[in-house]
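[1] using only what follows, build the 3D model:
(chains A and B)
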Amino acid sequence: MIESYLIHLLIMIGIYLILAVALQLAIGYTGLMNLGHIAFFAIGAYVSTIFTLSGIPFLLAFIFAGIIAMIFGYALAYPVNRLKGDYLALATMAFTFVIWSLLINLKGITKGPLGIANIPSPSIFGFQLISPFHFLILVIIIAVLTYYILHKIVRSPFGKVLEAVRDQELTTKILGKNTLKMKSYAFAISAFFAGLSGSLYAHYITYISPSAFTILELLPILAIVIIGGLGSLRGTALATVILILLPESLRFIGVSASFIGPARQFVFALLLILILIYRPKGLMGRVDID
Amino acid sequence: MLQIKKLTKKFGGVKAVDNCSTSIKENMITAIIGPNGSGKTTLFNLISGTLKENNGRIVFNGEDITHYSPDKVSNAGIARIFQQSSLFWNLTVRENLLIAINQDDTKFWKNLLGLTKYSKDQYKEVKSALSLIGMFEHQNKIVKNLSYGQQRLVEIARSLVNPHKLLMLDEPVAGVNPLIRKNISNLLLDLKKKGETIVLIEHDMDFVLNIVDHVIVMDEGKIIAEGSPNKIKNNSKVLEAYLGD
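    Modelled structure (predicted):
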């Protein structure tokens, strides 16, 4: 019992880690206040679900979940290119509403508000990942790979240009860099990994509906990025563990199950406010929140 | 090297740059001077592509760069610094310069596959630029923690390592202490000896007249005089417009 509970927590930490480090690339490293991240997560979840239910092998569906989310991310970068700060946040938030609305209304594909149930567990090269432990191994592999690739990107000269765009976009242009292209790449990479985590989420929970991808679901991911600290992948990883585990402690102090959901949101919001007031750089951040 | 032909820029009813024509010659330091609001920085912004002109043309080494975006202007060979410090605040001194020097760093796949790394030559060039401005020992400091004068020096060094044929400096010594001002003055003279072509905007007349070869004077968006520093010093129009005599 305890073992399966721990495995569940580790899987959720892995899925959220992928989502959060991907968002960190956009917000912390490139300065793009992207509130559309949950939409890419949703796109990944639905693409992977619809593909596997159509008989496409999981591995292919999983990759397509990332690629299609990435295409949406790349495409979103162009109309919002000239927007900054609050305006960019609003435009990307609107994107979340557009995707959410499509999930509700494209009933022929998404089954609307009822959602899609009985999502098959992943099968890789004929090996069915039925037990949560097997799924955990898959999540760990993807999470470690995601972290490694993003770490490699942010440490490369390419990553330094992303940081330059965050600090001084006009100066970056003056030094000969195409900043639109750089921002599009950042959006696309971030969306790709959000799509992959959406796929993992769908195949783990085995049921998805639009209610799992509302703007409210962005709060914990945003909280992780800000509490971890802008421009820090290590901080993001640490904050993911803390923010997934902290609300779980409520279970052990006798709080009723129906209260835990709202209480989680409360804990995230409270932590976010405290960090913004007392430690604006987050746990390990290098950049002030502007 | 750079020809400006009948360039005009209007902001509403105000002509910030009004039918200006001039040229910048190679291996010289040229200063653009004039009272506040005379259109000097607007002219710089037009050349570097951060503003779009209403009329006229800008030709650089035979290439019409009038409609180029800032990154294309830079890639054509024009480097500049702004009036206000615009460093990458959360990066180190060395990283600020490495971004300027490396032109392969925007290639995504090459970077992802680890094929783009700063080369030994690039590190060497950065080291030599930092040594030139006396900032080598500060190379690992985050630039926002430097003094204003040091930040200006880093900006100049960054524009130097950015591949260029023409260097445009907007008020490089404004607000810096006399020692750093002297260092920048010596640095610019050294650069001229090495064959650099520099255009600068500056209000400090002593600084300008001691180091430049050619002066362009602007007032109310127009070029009212140009020539050698000695000729400009005694020009009645300049005295009237700029010195208020």
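
[2] below-threshold pLDDT in the stretch 101-250 of chain A: ranges please.
    For the stretch 101-250 of chain A, no stretch is flagged by pLDDT under 70.

[3] how about the residues of it by chain B?
    A:149, A:152-153, A:156-161, A:163-164, A:166-168, A:170-179, A:181-182, A:185, A:231 (CB under 8 Å from any CB of the partner chain). For every residue, glycine as well, the C-beta is placed using N, CA and C.

[4] let's see it at 10 Å
    Within the stretch 101-250 of chain A, the positions adjacent to chain B are A:149, A:152-153, A:155-182, A:184-185, A:188-189, A:230-231 by CB under 10 Å from any CB of the partner chain.

[5] buried subset of those residues?
    Neighbour counting with 16 or more other CB atoms under 10 Å in any protein chain shown marks A:153, A:156-169, A:171-182, A:184-185, A:188-189, A:230-231 as buried within those.

[6] which of the residues in stretch B:151-171 are buried?
    B:151-162, B:164, B:166-171.

[7] measure that stretch end to end?
    Chord length of stretch B:151-171, first to last residue, is 13 Å (CA to CA, to the nearest Å).

[8] quick one: average confidence on that stretch?
    Here stretch B:151-171 scores 90 as its mean pLDDT.

[9] with stretch B:26-45 instead?
    pLDDT averaged over stretch B:26-45 gives 90.

[10] span of that stretch from start to end?
    Using CA to CA, the two ends of stretch B:26-45 sit 20 Å apart.

[11] buried ones in it, by neighbour count?
    For stretch B:26-45, the neighbour count (16+ other CB under 10 Å) marks B:29-35, B:38-45 as buried.

[12] out of those, which are inside helices?
    Within those, residues falling in helices by DSSP state H are B:40, B:41, B:42, B:43, B:44, B:45.

[13] which phi and psi does residue B:216 have?
    Dihedral pair for residue B:216: phi -110, psi 130, per degrees, to the nearest 10.

[14] against residue B:17, how distant is it?
    Using CB to CB, to the nearest Å, residue B:216 is found at 12 Å from residue B:17.

[15] so what sits against both of these two?
    B:4, B:40, B:43, B:223 (CB atoms under 10 Å, 6 or more residues apart in numbering or on different chains).

[16] let's have those residues in TSV, adding distance to residue A:213.
    Shown next, in TSV, are the shared contacts of residue B:216 and residue B:17 (distance: CB to CB, whole Å):
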residue	distance to residue A:213
B:4	54
B:40	53
B:43	51
B:223	60
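
[17] can you list contacts of stretch B:54-64?
    Under CB under 10 Å, 6+ apart, the answer for stretch B:54-64 is B:1-11, B:15-21, B:23-24, B:26, B:43, B:46-49, B:65-68, B:73, B:76-78, B:165-166.

[18] and the residue of the stretch 1-150 of chain A found nearest chain B, what element?
    At 7.4 Å from chain B, residue A:149 is the closest residue in the stretch 1-150 of chain A, using CB to the nearest CB. Element membership of residue A:149, judged by DSSP states H and E, is helix A:132-155.

[19] just the ones in strands from the buried residues of stretch B:151-171, please.
    Restricting these to those inside strands, with DSSP state E as the criterion, leaves B:166, B:167, B:168, B:169, B:170.

[20] what separation do you get for the second one and residue B:37?
    Using CB to CB, one obtains 25 Å as the distance from residue B:167 to residue B:37.
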